[in-house]
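*Asks:* What follows is a protein structure lacking sequence information:
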């Protein structure tokens, strides 16, 4: 009885799936799916190498500090970094006095309540504060940015495939829309106020190219601030903001795996030893 | 239960004697996973995965309980509290990554455990109850994993919850009220997050309870083995401890090394980047995909694209997806071959490997975008999946001619039945070769 029922159920599901397949196949042949402009012109992130690429790689602290400078002078005007606090900058090599100064001189102030009047007010950030947001809320952010909300950057490099390379590619990828694109997809012209970038998922990005000229920031360590260099540095910095514990994790991993290899080796010998008289005829 | 030659618990230390008289818990453990449980001597490495699944469950419970101490089940703060755990809690990143990747390893281990059972016919009499309870555990795991994935309140959390609860919405008439009832609202929100957190905390302990039943049911007939020939005498078994505790110790070491490699060096490899974007009900991700361990079922769900008269394709997909798991409950009665082990079933063996390939293809298609050619491929693969269990398997067990079975486990291991010299030591054991199951 079970087997007859099962046979019928199986026949129904398998049969209907095969019919669905035939319907789909006919449609696929008669009306092949139209090519989309994203499919044709979107590009995977460029190849770029970072000090932390390899499994045992570490952050380059000088690079992180340069990247922080780019963030501070360029990105932070529009983008928040809400999961990172000033105190966290210890992780990229600043000492307490420096962090205090960075927080105090930060262009955006921390919202607070006036202790005397209870009115909303702002004050200088302190190391315990998270980076203040450039806009009071999403409505203000959208109003100031052609109706697009600049995303928070704390986790950006983990929120995209190949995030570090993605950030670098996006920053260096702004260009004029290719002529072939307009020839093939005349309707896909980049709308006014948007900017063509083949590394962005739907090709047209509200953000204007933020890094436009060499020397846009002046690095303290003498590194030449080319657009390419700044893009790499800020990509490295955002990799750190997304994964500040990367070096701890890799160190702990090495110790753990070393321990486990020894323990497993001993366990294997114990196993062989205990089974010695059972594996073959006594 | 157990075999008459099982070793008996005899506490030597007065303290253990005292405890054993009052509460025979040490005795219970001794008989369950100690020297008091005789196990076939010929188990291969595929028999390690039961213990490894238990280990994975314990890792999940320990890391999960610690994570819960730092988590806020509220849509306003959930995403932030998870990030805070990663950044500011001592070893919080380790707990989080261990928990997220631990779920993946739990499923890897359980899938291998299930396929071990499928190949070696572990679901057959007298072990049907073990199989059924195992499937209950699997269903509980899927529910737990799904709700756990919602908790970080990322984009995939939110949209995954929306899609999966939306499946219930496909049921005619009562579907939408059920979906609203499950979510506590019309879309995933604070009420959903709170109940998912509560259930996600509860279900692992329910799983642990069913695991106890699973092991209890296993200990009635005793463990199966790669030959599928039942244990005939003491020469066929070894005590679980120290023989299999030693082997499982080695297995656990290998498991932990592989786990550590992923956990410490590629912790986000199996995750989806979109879940590092906070949930936004106004922005739908380009491709909504569940975690990799649901991909084969997701492919079956999406394979139905044509309405069956008045039954919408979506409802068919939902029914098929549930059916693809529920049919496994009937497996002990669908496969009627008296031979358990796939090693002695030449036709079964071929189709078994086709099934493995089929499930891998389904998994690949389930993770791919819902576009051609993936939908067409998953339609054929899903058709085979149902045909395999519901049509092919019953037919094979009817017409297949199995290979001759060894007379006993000992013969399979040593090439002869009973070791000379041991025969005298086995009072009451017949030395005549017994008829095989296929006979």
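*Replies:* The structure has been received and is ready for your questions. As the structure is a computational prediction, the values presented were derived from the model and not from experiment.
*Asks:* Check the residue of the stretch 151-300 of chain B found nearest chain A and give its pLDDT.
*Replies:* Relative to chain A, the nearest point of the stretch 151-300 of chain B is residue B:264 (2.5 Å; C-beta to the nearest C-beta). C-beta here means a position set from N, CA and C on the backbone, and glycine is covered the same way. We have a pLDDT of 97 for residue B:264.
*Asks:* ditto for the one 10 residues further on
*Replies:* According to the model's per-residue confidence, residue B:274 sits at a pLDDT of 96.
*Asks:* so residue A:169 sits right up against residue A:47, yeah?
*Replies:* No - at 9.3 Å, residue A:169 does not count as touching residue A:47 under the criterion of C-beta atoms under 8 Å.
*Asks:* list the contacts for residue A:253?
*Replies:* B:260, B:261, B:263, B:264, B:265 (C-beta atoms under 8 Å, 6 or more residues apart in numbering or on different chains).
*Asks:* Turn those into TSV, including neighbour count.
*Replies:* Compiled in TSV, those are given as follows (neighbours: other C-beta atoms under 10 Å in any protein chain shown):
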residue	neighbour count
B:260	22
B:261	15
B:263	24
B:264	23
B:265	15
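*Asks:* Show me which of those residues is closest to residue B:353.
*Replies:* Comparing these against residue B:353 with C-beta to C-beta places residue B:261 closest, at 27.7 Å.
*Asks:* So for the closest one, what's the nearest residue that isn't a sequence neighbour?
*Replies:* residue A:257 (6.8 Å; C-beta to C-beta, 6 or more residues apart in numbering or on different chains).
*Asks:* Confirm that the one you found sits in a helix.
*Replies:* Yes - counting by DSSP: H, G, I helix; E, B strand; the rest coil, residue A:257 falls inside a helix.
*Asks:* Could you double-check that it sits in contact with residue B:263?
*Replies:* No - contact between residue A:257 and residue B:263 fails when scored by C-beta under 8 Å: they sit 9.9 Å apart.
*Asks:* For residue A:221, which non-adjacent residue is closest in space?
*Replies:* residue A:62 (5.8 Å).
*Asks:* Oops, could you answer that again for residue B:362 instead?
*Replies:* residue B:296 (4.0 Å).
*Asks:* What strand or helix carries residue B:39?
*Replies:* Residue B:39 belongs to strand B:38-40 when assigned by DSSP states H and E.
*Asks:* again with residue A:83
*Replies:* Applying DSSP H and E, one finds residue A:83 in no helix or strand.
*Asks:* Tell me how far it lies from residue B:143.
*Replies:* 30 Å (C-beta to C-beta, to the nearest Å).
*Asks:* can you map out the strands along the stretch 101-250 of chain A?
*Replies:* A:110-113, A:120-123, A:195-196, A:204-205 (DSSP state E, counting those that start in this stretch).
*Asks:* what does the last one rub up against?
*Replies:* Strand A:204-205 is touched from outside by A:170, A:190, A:191, A:194, A:195, A:196, A:197, with contacts defined as C-beta under 8 Å, 6+ apart.
*Asks:* ChimeraX command for the buried members of those residues?
*Replies:* Here is the ChimeraX command that picks out the buried ones among the contacts of strand A:204-205, judged by 16 or more other C-beta atoms under 10 Å in any protein chain shown:
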select /A:170,190,194,195,196,197
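*Asks:* Spatially, which two of the contacts of strand A:204-205 are the most separated?
*Replies:* A:170 and A:191 (18.5 Å).
*Asks:* Mind pulling the model confidence for the residue sitting nearest the centre point of chain B?
*Replies:* Residue closest to the average C-alpha location in chain B (C-alpha atoms, centre = their mean): residue B:110, at 3.2 Å. Residue B:110 carries a pLDDT value of 98.
*Asks:* Could you give the number of residues near the closest residue to it other than its chain neighbours?
*Replies:* Using C-beta to C-beta, 6+ apart and skipping residues adjacent in sequence, the residue nearest residue B:110 is residue B:53, 5.3 Å away. A count of nearby residues for residue B:53, using other C-beta atoms under 10 Å in any protein chain shown, gives 26.
*Asks:* State the helix or strand in which residue B:53 lies.
*Replies:* Using DSSP H and E, residue B:53 sits in helix B:49-68.
*Asks:* Residues in contact with the next helix or strand after that helix: which ones?
*Replies:* Downstream of helix B:49-68, the first helix or strand assigned by DSSP H and E is helix B:78-88. By C-beta under 8 Å, 6+ apart, the surrounding residues in contact with helix B:78-88 are A:83, A:88, A:154-155, A:244-245, B:67, B:70-72, B:92-93, B:95-96, B:151-154, B:193, B:278-279.
*Asks:* hang on, the earlier thing: for the residue nearest to residue B:110, give me its contacts.
*Replies:* B:106, B:109, B:110, B:113.
*Asks:* my read: the first one touches residue B:140, true?
*Replies:* No - taking C-beta under 8 Å as the definition, residue B:106 is not a contact partner of residue B:140, at 11.7 Å.
*Asks:* Looking at the stretch 51-200 of chain A, what residue ends up closest to chain B?
*Replies:* For the stretch 51-200 of chain A, C-beta to the nearest C-beta, closest residue to chain B: residue A:159, 3.9 Å.
*Asks:* Give the residue from residue B:106 and residue B:140 that has the larger number of neighbours.
*Replies:* residue B:106 (22 against 18).
*Asks:* so where does that one fall, helix or strand?
*Replies:* Using DSSP H and E, residue B:106 falls in helix B:92-119.
*Asks:* what angle do that helix and helix B:78-88 make?
*Replies:* For helix B:92-119 against helix B:78-88, the angle by axes from the mean of the first three to the mean of the last three C-alpha atoms, to 10 degrees is 110 degrees.
*Asks:* From the contact counts, what lies against helix B:92-119?
*Replies:* Helix B:92-119 sits against helix A:246-275, helix B:49-68, helix B:78-88, helix B:128-150, helix B:245-265, helix B:346-367, with contacts defined as 3 or more C-beta pairs under 8 Å, 6 or more residues apart in numbering or on different chains; DSSP states H and E.
*Asks:* re the thing from before, what's the spacing between the residue nearest to the centre of chain B and residue B:219?
*Replies:* Distance from residue B:110 to residue B:219, by C-beta to C-beta: 20 Å.
*Asks:* ok, now residue A:202?
*Replies:* From residue A:202 to residue B:219 the distance is 59 Å (C-beta to C-beta).
*Asks:* Those two: which is more packed in?
*Replies:* Legend: neighbour count by other C-beta under 10 Å for residue A:202 and residue B:219, higher for residue B:219 (17 against 13).
*Asks:* what's the more buried one in contact with, if anything?
*Replies:* Residue B:219 neighbours (C-beta under 8 Å, 6+ apart): B:1, B:2, B:31, B:32, B:37.
*Asks:* tell me, how many neighbours does the closest residue to chain B within the stretch 1-150 of chain A end up with?
*Replies:* Of all residues in the stretch 1-150 of chain A, residue A:10 sits closest to chain B, at 2.6 Å by C-beta to the nearest C-beta. Neighbours of residue A:10 under the rule other C-beta under 10 Å: 24.
*Asks:* how many other residues sit next to residue A:139?
*Replies:* By other C-beta under 10 Å, neighbour count at residue A:139 equals 10.
*Asks:* before we move on, back to that, from residue B:256, how far out is the residue nearest to the centre of chain B?
*Replies:* Distance from residue B:110 to residue B:256, counting by C-beta to C-beta: 17 Å.
*Asks:* again, but for residue B:34
*Replies:* 23 Å.
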